[in-house]
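> Below: sequence and its predicted model.
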Amino acid sequence: MIPDLTTHFSSLPDHRIERNKCHALIDIIVLAICAVASGSDGWEAIEDFGKEQLAWLRQYIPLANGVPSHDCIAYVLCRLSPQKFRDCFMNWAQAVTGHTGGEIIAVDGKTAKGSRDRKNQRNPLHMVSAWACENRLALGQEATDEKSNEITAIPKLLELLALKGCIVTLDAMGCQRAIAEQIIDQGGDYVLGLKGNQGNLHEAVEDFFTTAHAHHFTGVAHAFTEEADKNHGRLEVRRYWITDDLRTLPDPQNWKGLRSIGMAERECRQGGTQTLERRYFINSIAAEAKTFAQAVRGHWGVENRLHWRLDVIFGEDASRIRRGNGPAIMTTLRHLCLNLFERESSSLSLAKKRRKAAWNDEYRAKVIFS
């Protein structure tokens, strides 16, 4: 059973003056969740959904004064605290997922491009999200104004997560000594991507694997695994090497918990075209190829499982919501709705689930309230 939404969002502070409250805050929030799950992507669409589904909604929320106008919905939601709203979401998500031990948690950032407000000189919203790869659920988010500030947003997000027994994956932006130390201190492990921001370390790991690969890893203790997928005439082969030989690294002791380094290779062939991509990692996990492969593959998958679907199914990049805290609130609503659909056990695609929620009252109630 999905934990009751009203229970987890009822503690959200309402900053309206009491005499101006014609609609309960929890009614507006539940209305917005139901509407977004059913295909509404803006304030007017949320109002329209409410008017069409008023009788259905009143089975779950009072709406004593009817459906609020889109101006009222926007006014209320855009003035909520994004952090408090995300806290409520994370408490609900934790109740949904339960114990996360053994989970691979991919932490990655995404910019909502349509939220840029040039008139008021506001940058687009950039949100760092935590994605549970096995459960396929968004665990939480932390907003930052600029992509470069992911370094400050990531620790704040990690603080709120139960990492004990989990493997946290981050791309090169999050490959920082303090972040690695925080993950270890919270009882987790890490798999961190390397690029130029860790120049000497990246160069050392790349040189190690380039040399070892050229000599077929002769005399180098390592583990290896390979996977292949073929779909629609496209062959993708993924290869993973991992070793606990850290002798060539500069100052490995500066990275808390560092136990291994790895290389992931992705080869794609389609028609007459062939591409080859190699990425390098530092890890606190043992030199086990299957575990390493699972972590890297999980992080690659967050682009398709989370970011791509937010854009294509929920229209995040196309959204023109820009007022106040509206972009951040709406992003969290999309994450929440995506989680609701992931918890629904049918084999329908996410796009079909969202359409069915718009058309079918019984299915919508199953997704949101059962």
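Yep, it's here.
> which residues are contacting the helix or strand containing residue 139?
According to DSSP states H and E, residue 139 maps onto strand 137-144. Strand 137-144 is contacted from outside by 82, 86, 89-90, 93-94, 96-97, 100, 105, 109, 125-132, 150, 152-154, 156-157, 160-161, 306, 328, 331-332, 335-336, 338-339, 342-343, using Cβ atoms under 8 Å, 6 or more residues apart in numbering. For every residue, glycine as well, the C-beta is placed using N, CA and C.
> Now do the strands in the protein.
104-112, 125-132, 137-144, 167-170, 189-194, 223-231, 234-243, 260-270, 273-283 (DSSP state E).
> Would you tell me which one of those strands is buried the most?
Each of the strands of the chain was scored by mean neighbour count; the highest is strand 167-170, a mean of 27, by mean count of other Cβ atoms under 10 Å.
> And that strand, what does it pack against?
On a contact count with 3 or more Cβ pairs under 8 Å, 6 or more residues apart in numbering; DSSP states H and E, strand 167-170 meets strand 104-112, strand 189-194, helix 289-302.
> closest one to residue 57 among the strands of the chain?
strand 137-144 (24.7 Å; Cβ to Cβ).
> and of the strands of the chain, who's closest to residue 10?
Of all the strands of the chain, strand 137-144 comes closest under Cβ to Cβ, at 19.2 Å.
> Tell me how far that closest one lies from the chain's centre.
6 Å (Cα atoms, centre = their mean, to the nearest Å).
> swap in stretch 115-129?
18 Å.
> Would you work out how far apart the start and end of it are?
Counting by Cα to Cα, to the nearest Å, you get 17 Å between the two ends of stretch 115-129.
> same check, this time on stretch 253-266
End residues of stretch 253-266 are separated by 30 Å (Cα to Cα).
> Over to stretch 35-51?
Note: stretch 35-51 ends 11 Å apart using Cα to Cα.
> can you list contacts of it?
Residues contacting stretch 35-51 (Cβ under 8 Å, 6+ apart): 31-32, 34, 53, 57, 63, 67-71, 73-74, 314-315, 318-321, 330, 333-334, 337, 340-341, 354-355, 357-358, 364, 367-368.
> The strands of the chain: which one's closest to residue 251?
Closest among these, using Cβ to Cβ: strand 273-283, at 11.9 Å.
> And the average pLDDT for the closest one is what?
Strand 273-283 carries an average pLDDT of 95.
> Number of residues surrounding residue 287?
A count of neighbours around residue 287, defined by other Cβ atoms under 10 Å, yields 19.
> Now do whichever helix in the chain runs longest: distance to the chain's middle.
The longest helix of the chain (DSSP state H) is helix 326-343. Averaging C-alpha positions (Cα atoms, centre = their mean) puts helix 326-343 10 Å from its chain's average.
> go on, stretch 281-290?
Here the centre of stretch 281-290 is set off from its chain's centre by 23 Å, with Cα atoms, centre = their mean.
> Listing request: residues of the stretch 1-150 of the chain with sub-threshold pLDDT.
1-3, 98-101, 114, 121, 145-148 (pLDDT under 70).
> Please enumerate the helices of it.
According to DSSP state H, counting those that start in this stretch, the stretch 1-150 of the chain carries its helices in the segments 5-9, 25-37, 43-52, 54-57, 70-78, 82-97, 150-159.
> among those helices, which is nearest residue 211?
Between residue 211 and those, the tightest spacing by Cβ to Cβ is seen for helix 150-159, at 31.2 Å.
> Pull the residues that contact the closest one.
107, 109, 126, 128, 130, 140-144, 168, 170, 173-174, 176, 178-179, 182-183, 186.
> domain ranges for the protein?
5-80+324-369, 99-312 (automatic domain parsing).
> quick one: terminal-to-terminal distance for the first one?
Read that as domain 5-80+324-369. End-to-end span of domain 5-80+324-369 (Cα to Cα): 8 Å.
> Same question for stretch 230-246.
Stretch 230-246 has an end-to-end distance of 35 Å (criterion: Cα to Cα).
> please renumber so the chain begins at 39
That works, and once the first residue is 39, the last one we named lands at stretch 268-284.
> Contacts for that stretch, please.
In contact with stretch 268-284 (Cβ under 8 Å, 6+ apart) are residues 246-247, 250-251, 255, 258-267, 290, 296-309, 321, 324-327, 330-331, 334-335.
> Could you check how far it is from the centre of its chain?
With Cα atoms, centre = their mean, you get 23 Å for stretch 268-284.
> same question, stretch 319-334
21 Å.
> Okay, buried residues for it please.
For stretch 319-334, burial by neighbour count (16 or more other Cβ atoms under 10 Å) applies to 319-323, 325, 327, 329-334.
> Dump the residues you listed to a markdown table, plus distance to residue 43.
What follows is the buried residues of stretch 319-334, written out as a markdown table (distance: Cβ to Cβ, whole Å):
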| residue | distance to residue 43 |
| --- | --- |
| 319 | 38 |
| 320 | 40 |
| 321 | 38 |
| 322 | 36 |
| 323 | 36 |
| 325 | 44 |
| 327 | 41 |
| 329 | 35 |
| 330 | 38 |
| 331 | 37 |
| 332 | 32 |
| 333 | 32 |
| 334 | 34 |
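> which residues touch residue 246?
Residues in contact with residue 246 (Cβ under 8 Å, 6+ apart) are 281, 283, 286, 299.
> Alright, I will stop here.
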